[in-house]
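Visitor: I'd like to go over a predicted model; first the sequence, then the structure.
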Amino acid sequence: MKIKKNIPLIDQHDKKTGLWGGKFGGSYIPETLKKPVEDLTNLFEKLRKDKNFIKERDYYFENWVGSPTSFVKLKNLTKHLGGAQIWTKVVSEANGGAHKIYNATVHCLIAKRAGKKFIVGDTGAGYAGKMLSMAAKKFGLKCKIFMGVKDIKRQKPNCDAMKKNGAEIVPVYTGSQTLVDAVSECMRYWVSNCDTTHMCVGSTVGPNIFVKICGWSTSQISRELIIQIKKEFGKIPKKIKLLNCVGGGSSSFGFWNEFMHYNKKQIEFVGVEAGGPKKSKKHAAPLTYGSKIGILHGAAQYVNQNKEGQIEETESISAGLDYPGVSPLHCFLKDTKRARYTAATDEEALSAYQLVTKYENLNPSLEPSHAFAEAIKIAPKLSKDTIVCVCSCGDAYKDKHILKKRLGKYKS
Amino acid sequence: MISTITSVFKKCKKEKRPALLTYTVAGDNNKKKSLEILKSISKHVDICEIGFPHNTPIADGGQIQTSAYRSIKKGTKLRDVFQIVKQFKKYKNHKPVILMGYYNMIFQYGENKFINKCKEVGVNGLIVVDLPWPDNKSFAKKCKKKSIIFVQLLSPTTSNKRMKKIISDSHDMIYYISMLGTTGSRLKISSKEILKNYKKVKRINKNKNCVIGFGITNETISSLKSADGLVVGSEICKEITKSLKKRQNPVTNVSKMVKKLKNKIL
């Protein structure tokens, strides 16, 4: 299994099967969805070559999403840790407070071109839902968001935002009542309404085409970053580590994409999964803990499951990472050894949050706090000319209730 | 050798009625009861579809989800599913059984091992909800080699061109999904329209036995009786749920219900 040069990673799947590396991805979907998925595939392939569409995307990214988000050095944290330079890409500056806005915007633009008036999406942390509701409002689409009941309870601020944007939140009571069930329910809804409704999958998961659209959209992050790094350092420095949390894997893929063909000794990708509570056996880290390949939500991927193939419940403090599977793109990056994956526990993420907010004027949500935990772990052992860049992909406002409960206070 | 499934369709045609197919989840509401349900409905049913439960069923509506979760909660494993089929076949060897489920379970078990086990316990057909054509070609071939009918699915969104290809690759039985929806949704379109689509399938190849499923209830079943076969699933799962709630025996209730369904298509 090898990554090809000069071809975007999202296109390196087999044309017929839709599989990356011969075993990840594909489109394991009910017959009813074959046609809508094929239509969407054709439309997307057309649009990504359409200059006007690209212009439109860039216009909204720049003027509405707010591009570029800043790339800054965390001087105090660097000094405190006393090793590598810690930098961050503050993606949470994007409109709405997280990277999910890129995928949501692109999906709404596609839905408009497809002549659809309704859009549906899934959400875990609530950011995918919040952004989709924002974009839907912006582009005049009626929006429904599927969300697990457990997540509705723990991410209330984002639910309030969705309602304010006029979206309907559909509570999902089945299974573990988290993201995995929200995605299933959203797909079921789409099966019933695919003639009038566009579906947005909230991460780089799901049937092949949804992985591609999302990866294509979030790649905006690294498109900005590569320019910013060159500007900051005059060239691409010799030792860079790009750290990002990985749930479904949309922000990390977007954060890495433009650097894909650099040697990994120069630019290393480190994905940090959710290890769950320290004392629990449950986790949301299929890559780190060697889960087997299985099929979830229409794609083959490493996924937490039992011997029989029943999907296992996950546990994580971070709703956005609380997903038993992971993007086929990350499975591919793992098996080709282009990226390295590790996990941080709930407790490690919480203390990372505390440390970052103590030293810096930054408020990373629990998801990127997992990536910061790894940065804090490795930075002291690294040389001063090593650049450790953490993607701060979401803002912690949505986590204020959890943080208050676990830490006794929420900073602002 | 003619498949048992094929001969059942022949017999029904002779009797000028559609075949009645039922779907129940193996292990719902427990292993013993689900076998009893199968035994007791088998006198009215022509083909038994038996689901092996999965906990992320992306194409099933609420009723079948409830049944599947209930069964998984009782600890139903694939080995139990095969056991149920084996015992049912011992009781009624000539009654065709079609297993139905999601691909991940087969993938984890191993395709070849799964098919061999099916053969061993007497499964006659297989439906895999999330393994559409053409991805199912090699699996379907493996089934054929063991004389197990792999049932291809068609839906209202299937284009004519695709339909022709699927039908030409299909075995003796095809499953036409009546409408856009998950199992157990309410019929959104008229029976007339469903039959119009159904006839499109038959025009492509009149020799393939085509059954209609999704949204078929006591109210809708008789209006569709010109089809080769009709599948009732969610309605039965719902009856089990209702019986349990009322603390009644699901075996007798489901059996009564299936008998009623049968009378509507005679």
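Guide: On my side now, so go ahead.
Visitor: got the contact list for residue 258?
Guide: No chain was given, so I picked chain A. By CB atoms under 8 Å, 6 or more residues apart in numbering or on different chains, the contact set of A:Glu258 is A:Ser219, A:Ser222, A:Arg223, A:Leu225, A:Ile226. Every residue, glycine included, has its C-beta placed from N, CA and C.
Visitor: the intended chain is chain B.
Guide: By CB under 8 Å, 6+ apart, the contact list for B:Val258 reads B:Leu20, B:Thr22, B:Ile41, B:His44, B:Val45, B:Val232, B:Ile236.
Visitor: phi and psi next, for A:Ala284.
Guide: Torsion angles at A:Ala284 (phi, psi; degrees, to the nearest 10) stand at phi -130, psi 50.
Visitor: same check on A:Met147?
Guide: phi -150, psi 140.
Visitor: and it, how far is that from A:Tyr323?
Guide: Separation of A:Met147 from A:Tyr323 (CB to CB, to the nearest Å) stands at 13 Å.
Visitor: which residues are common contacts for those two?
Guide: Common neighbours of A:Met147 and A:Tyr323 are listed as A:Gly124 (criterion: CB under 8 Å, 6+ apart).
Visitor: could I get the contacts of A:Glu258 as JSON lines with distance to B:Leu244 and pLDDT?
Guide: Listed next are these as JSON lines, based on distance: CB to CB, whole Å; pLDDT from 0 to 100:
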{"residue": "A:Ser219", "distance to B:Leu244": "51", "pLDDT": "98"}
{"residue": "A:Ser222", "distance to B:Leu244": "54", "pLDDT": "98"}
{"residue": "A:Arg223", "distance to B:Leu244": "56", "pLDDT": "98"}
{"residue": "A:Leu225", "distance to B:Leu244": "56", "pLDDT": "98"}
{"residue": "A:Ile226", "distance to B:Leu244": "60", "pLDDT": "98"}
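Visitor: how about stretch B:68-87 and chain A, touching?
Guide: Yes. Against chain A, stretch B:68-87 shows contacts by CB under 8 Å from any CB of the partner chain at B:Tyr69, B:Ile72, B:Lys77, B:Leu78.
Visitor: residues contacting the second one?
Guide: Okay, so that is B:Ile72. Per CB under 8 Å, 6+ apart, neighbours of B:Ile72: A:Gln310, B:Gly27, B:Pro53, B:Asn55.
Visitor: any chance of the backbone angles for A:Cys200?
Guide: The phi/psi pair for A:Cys200 (degrees, to the nearest 10) reads phi -110, psi 120.
Visitor: likewise A:Tyr173?
Guide: Per-residue torsions, A:Tyr173: phi -100, psi -10 (degrees, to the nearest 10).
Visitor: the residue lying closest to it once chain neighbours are set aside and chain B, how far apart?
Guide: Of all residues not flanking A:Tyr173 in the chain, A:Val149 sits nearest, at 5.6 Å (CB to CB, 6 or more residues apart in numbering or on different chains). From A:Val149 across to chain B, the span is 15 Å (CB to the nearest CB, to the nearest Å).
Visitor: could you do A:Tyr102 as well?
Guide: Distance of A:Tyr102 to chain B, given as CB to the nearest CB: 25 Å.
Visitor: and that residue, how far is that from A:Thr204?
Guide: Going from A:Tyr102 to A:Thr204 by CB to CB gives 11 Å.
Visitor: give me the common contacts of these two.
Guide: Common neighbours of A:Tyr102 and A:Thr204 (CB under 8 Å, 6+ apart) are A:Thr218.
Visitor: ok, and the closest non-adjacent residue to residue 251?
Guide: Chain wasn't specified; assuming chain A. Going by CB to CB, 6+ apart, A:Ser251 has A:Cys393 as its nearest residue, at 3.8 Å.
Visitor: oops, wrong one, chain B.
Guide: Distances taken as CB to CB, 6+ apart place B:Glu36 nearest to B:Val251, at 4.8 Å, with adjacent residues excluded.
Visitor: can you list contacts of the helix or strand containing that neighbour?
Guide: Per DSSP states H and E, B:Glu36 falls inside helix B:31-41. Contact with helix B:31-41 is made by B:22, B:24-28, B:48, B:50, B:71, B:74, B:76, B:80, B:83-84, B:87-88, B:91-92, B:240, B:250-252, B:254-255, B:258, as judged by CB under 8 Å, 6+ apart.
Visitor: so how do I select the buried members of those residues in PyMOL?
Guide: Per 16 or more other CB atoms under 10 Å in any protein chain shown, the buried members of these correspond to this PyMOL selection:
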select buried, chain B and resi 22+24+25+26+27+28+48+50+71+74+76+80+83+84+88+240+250+251+254+255+258
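Visitor: right, and A:Asp181 touches A:Thr174 too?
Guide: Yes. Contact criterion CB atoms under 8 Å: A:Asp181 and A:Thr174 qualify, at 4.9 Å.
Visitor: out of these two, which sits in the more crowded spot?
Guide: A:Asp181 (24 against 20; other CB atoms under 10 Å in any protein chain shown).
Visitor: from A:Ile86, how far off is that one?
Guide: Counting by CB to CB, the gap from A:Asp181 to A:Ile86 is 37 Å.
Visitor: now swap in A:His401 and tell me
Guide: Here A:His401 is placed at a distance of 28 Å from A:Ile86 (CB to CB).
Visitor: who has more neighbours out of those two?
Guide: A count of neighbours by other CB under 10 Å puts A:Ile86 above the other of A:His401 and A:Ile86, at 29 against 14.
Visitor: can you tell me the element that one falls in?
Guide: Here A:Ile86, judged by DSSP H and E, is contained in strand A:85-89.
Visitor: partner strands of that strand and their direction?
Guide: Within its sheet, strand A:85-89 is paired with strand A:71-73 (antiparallel), strand A:387-391 (parallel), according to DSSP bridges.
Visitor: mind naming the longest strand for the chain?
Guide: You didn't pick a chain, so chain A it is. In chain A, with assignment by DSSP state E, the single longest strand is strand A:267-276.
Visitor: the intended chain is chain B.
Guide: Assigned via DSSP E, chain B shows its longest strand as strand B:19-25.
Visitor: please state the offset of it from the chain centre?
Guide: 5 Å (CA atoms, centre = their mean, to the nearest Å).
Visitor: next one: stretch A:235-248
Guide: 15 Å.
Visitor: near chain A, which residues of the stretch 151-266 of chain B show up?
Guide: Proximity of the stretch 151-266 of chain B to chain A, by CB under 8 Å from any CB, involves residues B:153-159, B:162, B:177, B:180-182, B:185.
Visitor: can you tell me which of the strands paired with strand A:85-89 is most buried?
Guide: Highest mean neighbour count among the strands paired with strand A:85-89 (mean count of other CB atoms under 10 Å in any protein chain shown): strand A:387-391, with a mean of 28.
Visitor: so that one versus strand A:267-276, what angle?
Guide: 50 degrees (axes from the mean of the first three to the mean of the last three CA atoms, to 10 degrees).
Visitor: what pLDDT does the residue in the stretch 101-250 of chain A that chain B sits nearest to get?
Guide: Closest contact between the stretch 101-250 of chain A and chain B, by CB to the nearest CB, is at A:Ser192 (4.2 Å). Here, the pLDDT recorded for A:Ser192 equals 92.
Visitor: next: A:Glu31.
Guide: For A:Glu31, the pLDDT comes out at 97.
Visitor: hang on, it packs against B:Ser159?
Guide: No. At 11.3 Å, A:Glu31 and B:Ser159 do not qualify as touching, with contact defined as CB under 8 Å.
Visitor: of these two, who's got more company?
Guide: The neighbour count for A:Glu31 versus B:Ser159, taken as other CB under 10 Å, is higher for A:Glu31 (25 against 11).
Visitor: now that one. Nearest residue, chain neighbours left out?
Guide: Nearest residue to A:Glu31, sequence neighbours excluded (CB to CB, 6+ apart): B:Leu153, at 4.3 Å.
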